[in-house]
Every structure is written in structure tokens, then in C-alpha cells.
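Visitor: turn this into a structure:
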Amino acid sequence: MKQRVKTAVVILNWNGKSFLKKFLPSVTESLTEDTELWVADNGSSDDSLDFLKSSYPDVKTLVLPENYGFAGGYNKALAQIDAEYYLLLNSDIEVDRGWLKPLVGFMDANADYHACQPKLLAYNDPELFEYAGASGGHLDYLGFPFCRGRVFSVTEKDSGQYDDISDVFWATGAALMVRSSVYHKLGGLDELFFAHMEEIDLCWRIWTNGGKISVVPQSVVYHVGGGSLPRQSSRKTYLNFRNNHYLIYKNYPKELQRKIFRKRFIFDFIAAVKFALGGHLSDFFAVFRARRHFKQNKSQLVHSGATELPQIIYKHSIVRDFYLKGKKKYSDLDLS
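Guide: Numbers count the residues shown, from 1 in each chain. A predicted model of the protein is given here:
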């Protein structure tokens, strides 16, 4: 009988041959004896699979018949992989040779932590934190995400200021280590999200169910970002606004939701007007399409059962802090 592997590094690929060709070497060179590398192909139409077969015949592959999105693709892939820890890794990431050891060591030593992430730096400018995860993610009480090292569009220069192992509200899906038992117990990623913020939803459910999440900055990876959708994309705008409402509806205590959604309507309207004034009409319409589809689909969402907010949620408005008070860095925030 095959012995269960400690860690499965799983890359979800969708038409990403160029990323696989560029970044797989660093991943394969970093693997330890108790680690398996898997590539799950999410219905690619390029020649990714032919490339893997010819250039990396020892890499384990799973072939999905269509593109199920980030959430569905990982759920279907991880249902077929047996490991103690899953490490969900984007295809557009370069890793340091020793990146795995700090993550595995942290999880082995801290059973009450159910997930963690490495420090993400920008591949194209390694002095800067990377937008998608930086040195760990947080959430304000209105549901707006930000990071240690990135608040909205402002990414800080990494000078070691966030190199401490620290509790975070969410770990980035670009490089997410999670206990397999927890992943399956909580039902994995919510496939209604398709892509964007599904990892924040999973992390919120982890906190609601008594787990903790941390960043382990002694592990470093370098992320290109925007591999599937460019940051300046109306499709991304749509998914971010729709899924952010999904996030709140699923995880906020029910008796507090009406008040929060009233406030969010104001912020969404302001964002839409800002898009319009900037000439981004497709983003303007994406905001309202997202709100409409949220209302149409919310009956399909399953509430987490939360009766209170996790203490780690930021008690202030990150929008007000950033735009009105000029607090552009994580270290500027009132974290007390």
C-alpha cells in the first residue's frame, strides 16, 4: 500500500504552457523527498499537456475535461490527491529552493493553525510586495481585503518590516498551504465563486470553525500576477464585486448583514461613479451587473453559521483610512 505523502504541491493550469515552461524548473528543483508535484489541467486548449508529457514526464498530471474555474478545478483535483498538506500554487510563481521547509515546519509545529502562506514578492520587481498576497491578507469589517505590504493599489517595498510570523485573516490562493483534512471537512472552495476571493471565503470559514491562519515570511516566492485575468479587466471587476458580496452573505452574522449591505451600496455606488468619471464604462456596468447577479444567486449560497465576527477582522474602514486619512501602508493602520 502506498504511503501517504506529506505535501502535495498542486498547480492548476489553464492554457499556461508559457508559465509552466518558465517556472516549473524552480518548483521541481525545490521538492523534498516527502513532496509530490501535481499539475491539474483545467480544460486547456493550448499544448500544455503535450509539453508536460515531453519535458516533465515524472510530474503527476490530472486532466479535467473543461475549465471549472479556480474553485471547481482545485476541488475536483484535490478530491483525487492524498496528502497531509495541500499547497495550492499558481503557475506564474517562481520559488526559492528552500521555500517549502518553513511552511511544513510551521504546520507540523502548530496543530491549531489550519493554513498558511509564504511571503509574496513581485516577480518583475522583487523589491516590492506582490499585490495578490504580499505578507498575508486581512479584511476590514465591510469586507474589503488588504495585505501586510499592500493596501488597495499601493504595494510597499519589502525591507523586512513584515518578516515576523503573524496571524492573518486570509492566506493567498496563489500559494496556499492548507491541511487536507480541514479542506475536505469544510467542503473545499466554494465553486459559485468560480475565481477571485474564494480563498478568503475558505479562510473565513476556517476562523469561524476554530482554526487559525498565519503568514510564514521565511518562505519566499515571486509572483507574476494577472496570469488568467489582467488586473485592469472588467471581468475581474465583475468577479471581485460579485464575489465580495458572496463573501459577506456567506460569512457575516445574519442579524448584521442588512446594515453592512446598506453601507456597501454606498461604497459600490461611489466606486462605479469613479469608474465612469475615469472613462472605464465597462467597469461601471460591471459593478451593477455584479450586484444584480449576487441578488439572483444568493439563494444558492450556504451560510457558514457564524454568529460573531472573528476578532482578527479590522475594526475600521480601510476605504476611509486609505482615501480620507491618507493611510497608504499597513503599518499606518490602527491595529489596536
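Visitor: can you pull the contacts of residue 202?
Guide: 115, 178, 183, 186, 188-190 (C-beta atoms under 8 Å, 6 or more residues apart in numbering). Yep, even glycine has a C-beta here, placed from its N, CA and C like the rest.
Visitor: between these, which is closest to residue 308?
Guide: residue 186 (18.1 Å; C-beta to C-beta).
Visitor: may I have the lengthiest strand in the chain exported as PDB, CA atoms only?
Guide: Longest strand in the chain by number of residues (criterion: DSSP state E): strand 212-223. In PDB, the C-alpha atoms belonging to strand 212-223 read as follows (Å, rounded to 0.1, in the frame of the first residue of the first chain):
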ATOM      1  CA  LYS A 212      -6.100  29.900  12.700                       C
ATOM      2  CA  ILE A 213      -4.100  31.100   9.700                       C
ATOM      3  CA  SER A 214      -0.600  32.500   9.500                       C
ATOM      4  CA  VAL A 215       2.000  34.000   7.200                       C
ATOM      5  CA  VAL A 216       5.400  32.400   7.300                       C
ATOM      6  CA  PRO A 217       7.700  35.000   5.600                       C
ATOM      7  CA  GLN A 218      10.800  32.800   6.000                       C
ATOM      8  CA  SER A 219       9.400  31.200   2.900                       C
ATOM      9  CA  VAL A 220       9.600  33.400  -0.200                       C
ATOM     10  CA  VAL A 221       8.000  33.100  -3.600                       C
ATOM     11  CA  TYR A 222       7.900  35.500  -6.600                       C
ATOM     12  CA  HIS A 223       4.600  36.000  -8.300                       C
END
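Visitor: which neighbouring elements make contact with the host helix or strand of residue 41?
Guide: Under the criterion of DSSP states H and E, residue 41 resides in strand 35-42. Where contact means 3 or more C-beta pairs under 8 Å, 6 or more residues apart in numbering; DSSP states H and E, strand 35-42 is packed against strand 5-13, helix 17-30, helix 48-55, strand 60-64, helix 69-78.
Visitor: so which of the ones you listed gets nearest residue 145?
Guide: If we rank those by C-beta to C-beta, the stretch that ends up nearest is helix 69-78, at 15.7 Å.
Visitor: quick one: that closest one to strand 35-42, angle?
Guide: Counting by axes from the mean of the first three to the mean of the last three C-alpha atoms, to 10 degrees, helix 69-78 lies at 130 degrees to strand 35-42.
Visitor: contacts for helix 69-78?
Guide: Against helix 69-78 from outside (C-beta under 8 Å, 6+ apart): 10, 12, 14, 38, 40, 42, 62, 64, 67-68, 86, 88, 173, 180, 183-184, 188-196, 198, 228.
Visitor: dump the C-alpha coordinates for it into PDB.
Guide: The C-alpha trace of helix 69-78 is given here as PDB (Å, rounded to 0.1, in the frame of the first residue of the first chain):
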ATOM      1  CA  GLY A  69     -12.500  27.900 -12.600                       C
ATOM      2  CA  PHE A  70     -10.100  28.200  -9.700                       C
ATOM      3  CA  ALA A  71     -12.500  26.900  -7.200                       C
ATOM      4  CA  GLY A  72     -14.000  24.000  -9.100                       C
ATOM      5  CA  GLY A  73     -10.700  23.000 -10.700                       C
ATOM      6  CA  TYR A  74      -9.000  22.700  -7.300                       C
ATOM      7  CA  ASN A  75     -11.900  20.900  -5.700                       C
ATOM      8  CA  LYS A  76     -12.000  18.200  -8.400                       C
ATOM      9  CA  ALA A  77      -8.200  17.800  -8.400                       C
ATOM     10  CA  LEU A  78      -7.700  17.700  -4.700                       C
END
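Visitor: now do the next helix or strand after that helix, average pLDDT.
Guide: Downstream of helix 69-78, the next assigned helix or strand under DSSP H and E is strand 83-89. For strand 83-89, mean pLDDT rounds to 98.
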